[in-house]
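Participant: Sequence first, predicted model second:
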Amino acid sequence: MYFHAFLLTRRNAQKLLGAFCALFLLGATVPHMAKAQSDTEQVWATVQTFFQALSSSDSTLLSQVYMPEGRFYSVSASPNGIRTGSSTHESVHAMFRRPGNPILERGWNPSISVYGRAAVASVPYDFYTNTGAFSHCGVDLFSLVKNSAGWIVSSVTYTVERDNCAESPLGSPYVYQGVSDALPTGASGISTKDLVRSFDMTSLTSDGRLHDFAPGRNHGEIERDPQQSETRSFDSVQDRVYLPENQTLELDGPLSIAVKLRVRQLGIHQHIIACDDKFALWITPDNLIRFSDADGHGVDSSLPVIQDEWLSLVAVYDGTKGDVVSESNPRLYFDGKPVDGLLVNRNNASQPQWNPRELFSSDACYIGFESHQGMESHKTLSFMGDIDDLMLFSRALKESEIRIHATGK
């Protein structure tokens, strides 16, 4: 953590908290009861939201999960011995207002104990500055209470260690590791803020649906699941993935799609992901990537896709319904680099506008296919290739996040 006028670190927190901390660190297993397990999951979700608020400098989000009267306590080692400090809720908000933020703090492997309407969570963490440099590690000790709205953090005590920090099981925050439960966006450096869907394209739920790692857990539906390795292959329309409609797919913009793909057949009309009647990301018969709205207004990539080569593709629309479409918005990125856009103006409008319509109530959203509500000409149009990870955001990804997506896996 990094609050007040100095970097917050955490060491020997037991000395500060005495018996309470000992109970916090050692106490440990929640009874295997449905209610307790449900509370445990809710506590961890609150802690994860807390981390998200810090890493996105989001005061509103922080206020949703942290008491206004709450305090932060730090314990660290210095040449003069053990150093303790404290800061208020307001000092964190003040930190958010300073230029140069956000920072990045990550937690993992929580130990959570629930005692009725009180809970404690011990969470190892690491901390990176806004330049991307590693700063320190330690343990966050969260105290939480459950009110009528759910679990909320009442205080945080944390240790600060600058040396002998073990490597995080999450890996480098700036290298893409792949979508997982621990990393719903594939890398800690890609914020989970406004993550709408996240698929590794192979993990299934117990009832055979395509597992959604985004917080909403809106799992996809598949017609068939051939033997998969680390990617999902698409060879016909039967390989499409249906995304059941709900409010989270009412995406008028901003909007980002991040996908790792390999195209095996060129020269055909094929869809990567489409939501009728909102947006479509597809490949033209000229082998260009097109990102467009319901009217077909958008951009084509100035570069073609290459057959049988893996591509980190990110499509970003940084606006909302009614905004003017130009060669620079929407934007396309190949392997982390911006690609010049070729304006697609289907109606020859003097100022084409981004014009998503209503989301159809059924048969609307697919990966590897577009229905157009049963349009005859689209019934046999399938994506022909492989997809390894696909994420959908209701925000514009930052260029730093897009570069991370192009690294690693």
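Facilitator: Received it, and whenever you're ready, just let me know what you need.
Participant: Pull the number of nearby residues for the nearest residue to Glu250 once chain neighbours are set aside.
Facilitator: For Glu250, ignoring the flanking residues on the chain, the nearest one in space by Cβ to Cβ, 6 or more residues apart in numbering is Leu359 at 5.3 Å. Quick note: C-beta positions are derived from backbone N, CA and C, even for glycine. When counting by other Cβ atoms under 10 Å, one arrives at 18 neighbours for Leu359.
Participant: cool, and Tyr158?
Facilitator: Neighbours of Tyr158 using other Cβ under 10 Å come to 26.
Participant: Report the next helix or strand after the helix or strand harbouring it in sequence order.
Facilitator: Following DSSP states H and E, the helix or strand that holds Tyr158 is strand 150-160. Helices and strands here follow DSSP H and E; after strand 150-160, the next one along the chain is strand 195-199.
Participant: And the contacts of that next one?
Facilitator: Strand 195-199 is contacted from outside by 179, 184-185, 210-216, 218, 220, 241, 243, 248-249, 251, 367, 389-394, using Cβ atoms under 8 Å, 6 or more residues apart in numbering.
Participant: Would you mind giving me the ChimeraX syntax to select the buried ones in these?
Facilitator: Here is the ChimeraX command that selects the buried residues among the contacts of strand 195-199 (16 or more other Cβ atoms under 10 Å):
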select :179,184,185,210,211,212,213,214,215,218,220,241,243,248,249,251,367,389,390,391,392,393,394
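Participant: helix or strand right after the top helix by length along the chain?
Facilitator: Longest helix in the chain, counting residues (DSSP state H): helix 34-56. As assigned by DSSP H and E, the chain's next helix or strand after helix 34-56 is helix 59-65.
Participant: Tell me the helices and strands packed up against that next one.
Facilitator: Here helix 59-65 touches helix 34-56, helix 89-97, strand 150-160, going by 3 or more Cβ pairs under 8 Å, 6 or more residues apart in numbering; DSSP states H and E.
Participant: So for it, what gets flagged as buried?
Facilitator: Per 16+ other Cβ under 10 Å, helix 59-65 contains these buried residues: Ser59, Leu61, Leu62, Val65.
Participant: Quick check: of those, which lies closest to Ser328?
Facilitator: Closest to Ser328 out of the buried residues of helix 59-65 is Leu61 (29.5 Å), distances taken as Cβ to Cβ.
Participant: Model confidence at the closest one, what's the number?
Facilitator: Leu61 is assigned 89 on the pLDDT scale.
Participant: Same question for Glu167.
Facilitator: We have a pLDDT of 87 for Glu167.
Participant: Neighbours of it, how many?
Facilitator: Neighbour number of Glu167 under other Cβ under 10 Å is 9.
Participant: Repeat that for Thr84.
Facilitator: 14.
Participant: State the distance from it to Ala77.
Facilitator: Applying Cβ to Cβ, to the nearest Å, the value for Thr84 to Ala77 is 11 Å.
Participant: swap in Ser203?
Facilitator: Here Ser203 is placed at a distance of 42 Å from Ala77 (Cβ to Cβ).
Participant: ok, the most far-flung residue of the chain relative to its centre - contacts?
Facilitator: Ranked by distance from the centre of the chain (Cα atoms, centre = their mean), the top residue is Asn80, with 41.4 Å. Residues near Asn80 by Cβ under 8 Å, 6+ apart: none.
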